[in-house]
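**Q** structure here, sequence nowhere to be found:
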């Protein structure tokens, strides 16, 4: 049986934070996060994207609009998951709901 394709977009925020030379900053990519959950590949074929690694409050409307365009451009995907920290996830979700036309 063919697994569904799921696009995962990692934008940064708390979930991607790690200690580094400049303190605790977004550093973990989508691939880093997916590697921590190897059982995910048993459920779906993941296409992991890390367009940004920024604190959630630093994401711009233009950047979120680009994510919405990228999501809509891949008609082969059964779904999309957006991962970011908790600071602005509700605002990001609302904006994506307004912009996404997939």
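**A** Arrived safely. The structure presented is a predicted model; accordingly, all values stated were derived computationally and were not measured. Residues are numbered from 1 along each chain as shown.
**Q** could you find the closest non-adjacent residue to residue 14?
**A** Nearest residue to residue 14, sequence neighbours excluded (Cβ to Cβ, 6 or more residues apart in numbering): residue 85, at 3.1 Å. Every C-beta, even on glycine, is put in place using the N, C-alpha and C of the backbone.
**Q** tell me the secondary structure for that neighbour?
**A** What DSSP: H, G, I helix; E, B strand; the rest coil gives for residue 85 is coil.
**Q** correct me, but it touches residue 16?
**A** Yes. Between residue 85 and residue 16 there is a contact under Cβ atoms under 8 Å: 7.2 Å.
**Q** ok, back up a step: dihedrals phi and psi, the residue nearest to residue 14?
**A** Here is the backbone geometry of residue 85 (degrees, to the nearest 10): phi -70, psi -180.
**Q** and it, how many neighbours?
**A** Burial of residue 85, expressed as a neighbour count using other Cβ atoms under 10 Å, amounts to 20.
**Q** list the contacts of it.
**A** Going by Cβ atoms under 8 Å, 6 or more residues apart in numbering, residue 85 touches 12, 13, 14, 15, 16, 17, 26, 55, 56.
**Q** now those: which count as buried?
**A** Neighbour counting with 16 or more other Cβ atoms under 10 Å marks 12, 13, 15, 16, 17, 26, 55, 56 as buried within the contacts of residue 85.
**Q** now the fifth one: how far from residue 53?
**A** Using Cβ to Cβ, to the nearest Å, residue 17 is found at 10 Å from residue 53.
**Q** no further questions, thank you.
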